[in-house]
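Visitor: sequence first, then the predicted structure:
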Amino acid sequence: MDGQRKTGTTAGDENGARSLAGTSLAGTVLAGTGVSPGAGYGPAHVLAGEIPEPDKEARHDGDAAAERARAERAVEEVAADLEARGARAGGEAEEVLGAQALMARDPSLAVEVGELIERGVAAPRAVFDAFGKYRDLLAAAGGYLAERVADLDDIRDRVIAVLTGLPMPGVPASAAEPFVLVAKDLAPADTALLSKDVVAAFVTEQGGPTSHTAILARSMGVPAVVGCAGATAIAPGTPVLVDGASGQVLLAPDPARVAEARAAEEARRAVLSAATGPGATADGHPVPLLANIGGPRDLESALANGAEGVGLYRTEFLFLDRETAPSGSEQEEAYRAVFEAFPEGRVVVRTLDSGADKPLAFLPPPEEEPNPALGERGLRMFRRYPEIMTAQLGALARAATGVSAKVQVMAPMVATVEEAEWFADACRTAGLDGAGIMIEVPSAALRAVDLIRAVDFFSIGTNDLTQYALAADRQVSAVAGLQDPWHPAVLDLIAMAASAASAAGKGCGVCGEAAADPVLACVLVGMGVTSLSMGAPALPWVRAALSRHTLAQCRDAAAAARSATSAQAAKAAARAELPGLEALAF
Amino acid sequence: MAERTVSVASEVGLHARPAATFVQTAAKAPYDVTIAKAGGSPVSAKSILSVLALDVRQGESIVIRAEGDGAEELLDELAQIASAS
């Protein structure tokens, strides 16, 4: 990927933008995987293609002074834009973008660019080569510096885009009307500034149900289709109608079709708002519906969507991007804010989940890990740094004192009975009552009968459980097709964990992305899962889906899904048993 | 020519926020300011990329040099940034 980066699609892109942009495109349908339900309509904003490496031999017309001035203006334009975007975003993004602006304005870089232009090199190539020198230096240093290479490449590509008239990489933060964001895939940096007011829907060529795009879309409550082949060939500006449930992407639909989709969307919203109160099946079997949160700032959305508590409080957000661990009192304060928001409910806190894939400056992994997903992460990290665990459990116990919420603590990445016992002991020592573990590693699901004896509850992390069961790295898009919790092997593992917990009279929740899929949510309940936790915007959908089916129907759907031999067949078989989904347009 | 040798105290070394503050401070001077690792060759202290590429870690010593009006005060300020933990 050296020297290549996403940017706006230009005419004549290799996928044949022209053919789709022609008059015959009206009614063209592209198909992908719907990962965030709802209908979205707006002009396509295509973020794809790549900034090509400028021609090695390109020379300017001989006026070096003018070419230098042109390069300087381009650099300043990019730096000022980065600063302005940082100021709009505020917080951490402001610091990151400010640092990028500082790099863009680096005087040594300007000298290098100037010298190359004096030797006759055209500005785009001079910029490319001057950045290349620092890029190599940083890449060679490894670690933190190597991560800055992506920042540097982004600046370089922006400057080259200005110089060559190519569309600027990145997503506009404002628009006259909400657009449909179309991309090969989206990185967190692309989406830092996005809001529901700007994006009508997401469509990406790559990615699966647990990709960054899918998670972001669901958390924003914006329709999304991923894995949509040919999407980046859509001509910029083409009106696009996106169905985030069926996965259909309709180009230049006729107005009647758009009106129909909007009416269906309204009807769906009406069904959604009809289901209120605590989660339960149609025959009254209670299924607490909880929210996944990253900190106190997510509470508003959780409460607005009727969460009955928190099923997954990811505490690593307190620890990320820091040079030292947060103090006990700072942790205590953040935890208490969440506990106090649910005086009647349950709050399940996941202890720090870090590792080589989510490194922390103050918890360096002991060695380079070729497979971070299989390395020292989650609870394994606590074995190396027990003082961090003791401090966190202590802060949780203090924060839980005197609040009425039912506080429970769970550890991620538990593989063995011995680990489960070690963690449960540590919780008891800290004075915490409810100690549980996440079921993410297949060994834990396979021997759930043994592990449940050591703890008070299970919570299944379906994203990691799927990745480990199918041996498909969540970060590798080539194997994204395997990252599907509908796979019967994953359903079997979930059923094993749920039935072990149920036999022991203990709870087994699901807090992965699977719980946010209204169809799969019914299947999970049918397999004996006792609570569902998800990004808050999915709560109304899941509440509505459950309220329209009996526990017996959910069990039939689970049995049908587990009898299938593929993820697709499992989903189809489950749907056939769940007639109430039709009103929700699933 | 004024000169200071200081040990970098920040846990992240002279990277991230400390490096940005250091470079922005050096950039205020109208004259050259250099930074080198002990025994290494000097680079411009006004260049964030050069400073980052030095890869100064916590506990390592740096030599900063400048010559001109107020150079002593500037170096004191830079030394303070580098030695802050």
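Guide: Thanks, I have the structure now. Quick caveat, the model's predicted, so the values are computed rather than measured.

Visitor: all strands for chain B, in order.
Guide: Applying DSSP state E to chain B gives strands spanning B:2-7, B:33-37, B:43-44, B:61-66.

Visitor: take the ones you listed and write them to a markdown table, including mean neighbour count.
Guide: For glycine as for every other residue, the C-beta is placed from the backbone atoms N, C-alpha and C. What follows is these, written out as a markdown table (neighbours: other C-beta atoms under 10 Å in any protein chain shown):
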| stretch | mean neighbour count |
| --- | --- |
| strand B:2-7 | 15 |
| strand B:33-37 | 21 |
| strand B:43-44 | 18 |
| strand B:61-66 | 20 |
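
Visitor: remind me, longest helix of chain B?
Guide: Across chain B, the helix with the greatest residue count (assigned by DSSP state H) is helix B:71-83.

Visitor: so that one versus strand B:2-7, what angle?
Guide: Going by axes from the mean of the first three to the mean of the last three C-alpha atoms, to 10 degrees, helix B:71-83 is angled at 10 degrees with respect to strand B:2-7.

Visitor: what helices or strands is helix B:71-83 leaning on?
Guide: Judged by 3 or more C-beta pairs under 8 Å, 6 or more residues apart in numbering or on different chains; DSSP states H and E, helix B:71-83 is in contact with strand B:2-7, helix B:16-26, strand B:61-66.

Visitor: up against chain A, what does chain B have?
Guide: By C-beta under 8 Å from any C-beta of the partner chain, the residues of chain B that approach chain A are B:10-12, B:15-17, B:20, B:23-24, B:27, B:43-44, B:46-50, B:52-53, B:55.

Visitor: what's the ChimeraX syntax to select whichever of those residues are buried?
Guide: Typed into ChimeraX, the line below selects the buried ones among the residues of chain B next to chain A, using 16 or more other C-beta atoms under 10 Å in any protein chain shown:
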select /B:10,11,12,15,16,20,23,27,43,44,46,47,48,49,50,52,53,55
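
Visitor: show the contacting residues for residue A:58.
Guide: By C-beta atoms under 8 Å, 6 or more residues apart in numbering or on different chains, residue A:58 lies in contact with A:121-122, A:124-125.

Visitor: tell me how far it lies from chain B.
Guide: According to C-beta to the nearest C-beta, to the nearest Å, residue A:58 and chain B sit 24 Å apart.

Visitor: for that residue, phi and psi?
Guide: The phi and psi torsions at residue A:58 (degrees, to the nearest 10) take the values phi -60, psi 130.

Visitor: count the neighbours of residue A:384 for me.
Guide: Counted with other C-beta atoms under 10 Å in any protein chain shown, residues neighbouring residue A:384 total 13.

Visitor: residue A:270 now?
Guide: Residue A:270: 10 surrounding residues under other C-beta under 10 Å.

Visitor: ok, the one 10 residues further on next?
Guide: Other residues lying near residue A:280 total 18 when counted by other C-beta under 10 Å.

Visitor: okay, and the beta partners of it?
Guide: Counting by DSSP bridges, residue A:280 forms beta bridges with residue A:286.

Visitor: and for the closest residue to chain B within the stretch 301-450 of chain A, the neighbour number?
Guide: When scored by C-beta to the nearest C-beta, the stretch 301-450 of chain A has residue A:323 as its residue closest to chain B, at 4.5 Å. Look at residue A:323: counted by other C-beta under 10 Å, it has 15 neighbours.

Visitor: residues in contact with the residue nearest to residue B:77 when sequence neighbours are not counted?
Guide: Of all residues not flanking residue B:77 in the chain, residue B:25 sits nearest, at 5.8 Å (C-beta to C-beta, 6 or more residues apart in numbering or on different chains). Shown in contact with residue B:25 (C-beta under 8 Å, 6+ apart): B:74, B:77-78, B:81.

Visitor: surely residue A:548 and residue A:280 touch.
Guide: No: in this structure, residue A:548 is not within contact of residue A:280 by C-beta atoms under 8 Å, at 11.1 Å.

Visitor: tell me where the longest strand sits in chain A.
Guide: Max-length strand for chain A by DSSP E is strand A:39-50.

Visitor: run through the strands of the stretch 451-586 of chain A in chain order.
Guide: A:457-460, A:507-510, A:531-534 (DSSP state E, counting those that start in this stretch).

Visitor: got CSV for these, with distance to chain B and mean pLDDT too?
Guide: Converted to CSV, the strands of the stretch 451-586 of chain A look like this (distance: least, C-beta to the nearest C-beta, whole Å; pLDDT from 0 to 100):
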stretch, distance to chain B, mean pLDDT
strand A:457-460, 34, 98
strand A:507-510, 37, 98
strand A:531-534, 34, 97
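
Visitor: okay if I get these as TSV plus mean neighbour count?
Guide: Shown next, in TSV, are the strands of the stretch 451-586 of chain A (neighbours: other C-beta under 10 Å):
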stretch	mean neighbour count
strand A:457-460	27
strand A:507-510	28
strand A:531-534	28
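
Visitor: so which of these gets nearest residue A:181?
Guide: Counting by C-beta to C-beta, residue A:181 lies closest to strand A:531-534 out of these; the figure is 22.7 Å.

Visitor: who are the packing partners of that closest one?
Guide: For strand A:531-534, the elements it packs on are strand A:289-293, strand A:309-314, strand A:507-510, helix A:518-526, judged by 3+ C-beta pairs under 8 Å, 6+ apart.

Visitor: can you redo those as JSON lines with distance to residue A:446?
Guide: As requested, these are exported to JSON lines (distance: least, C-beta to C-beta, whole Å):
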{"stretch": "strand A:289-293", "distance to residue A:446": "25"}
{"stretch": "strand A:309-314", "distance to residue A:446": "23"}
{"stretch": "strand A:507-510", "distance to residue A:446": "15"}
{"stretch": "helix A:518-526", "distance to residue A:446": "18"}
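
Visitor: looking at these, which is nearest to residue A:358?
Guide: Residue A:358 sits nearest to strand A:309-314 of all the helices and strands packed on strand A:531-534, at 10.3 Å, using C-beta to C-beta.

Visitor: among the strands of chain B, which is nearest residue A:506?
Guide: strand B:2-7 (54.3 Å).

Visitor: quick one: strands adjacent to the closest one?
Guide: Short version: by DSSP bridges, strand B:2-7 pairs with strand B:61-66 (antiparallel).

Visitor: ok, back up a step: out of the contacts of residue B:25, flag the one nearest to residue A:86.
Guide: Of all the contacts of residue B:25, residue B:81 has the smallest distance to residue A:86: 21.5 Å, by C-beta to C-beta.

Visitor: not counting sequence-adjacent ones, nearest residue to that closest one?
Guide: Closest residue to residue B:81 apart from its sequence neighbours, by C-beta to C-beta, 6+ apart: residue B:22 at 5.0 Å.

Visitor: near chain B, which residues of the stretch 301-450 of chain A are found?
Guide: Residues of the stretch 301-450 of chain A lying near chain B by C-beta under 8 Å from any C-beta: A:323-324, A:361-362.

Visitor: so residue A:459 makes contact with residue A:533?
Guide: Yes: here residue A:459 reaches residue A:533: they are 7.4 Å apart, a contact under C-beta under 8 Å.
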